[in-house]
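Coordinates only, no sequence provided:
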């Protein structure tokens, strides 16, 4: 059952202990800081979360929100640090190409399941940051770390722009 949630939910998906898979949470932290510094603190209207990426957890996190922005590391063959933007209602996540990094049943599946169940938010944007290395116990690669501020700025622009 849907419940009233925030107007915008930003979800940084990934595991900060698996190299570039930590890109989503890193962007979420910068988005949260930017919104707070810009006078738009987290409130009932905007919620910024970090999530490991399991499909059911994602669907629960976006439940009731008309606008959702997901940020995750991806592997598509573009140069590391490249920032992809996909509008889920205009562009499906390709079966090959831009795919979530390390989640066996995660972002793409949550989007497909949400669509099938009629639980896809009215506005759903996926930011994918091209990863380079996903080794356990490592931090972000230099290329991905350099892309975090750009990705965060683009997410903030989407959060504050009209639908």
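Received it, and whenever you're ready, just let me know what you need. Everything numeric in this text was worked out from a predicted model, so none of it was measured.

hang on, isn't residue 138 packed against residue 19?
Yes: with contact defined as Cβ atoms under 8 Å, residue 138 counts as touching residue 19 (4.4 Å). From N, CA and C alone the C-beta is placed, and that goes for glycine too.

higher neighbour count, the two?
Between residue 138 and residue 19, residue 19 has the larger neighbour count (other Cβ atoms under 10 Å), namely 24 against 14.

need the contact list for that one.
131, 132, 133, 134, 135, 136, 138, 139, 140, 141 (Cβ atoms under 8 Å, 6 or more residues apart in numbering).

Just the buried ones among those, please.
Buried subset of the contacts of residue 19 (neighbour count, 16 or more other Cβ atoms under 10 Å): 131, 132, 134, 139, 140, 141.

What does the pLDDT read for the last one?
Note on residue 141: pLDDT of 96.

dump the residue contacts of it.
Residue 141 touches 19, 20, 80, 81, 131, 132, 133, counting by Cβ under 8 Å, 6+ apart.

and these, which of them are in helices?
When those are checked against helices (DSSP state H), there are no matches.

Thank you kindly, that will do.
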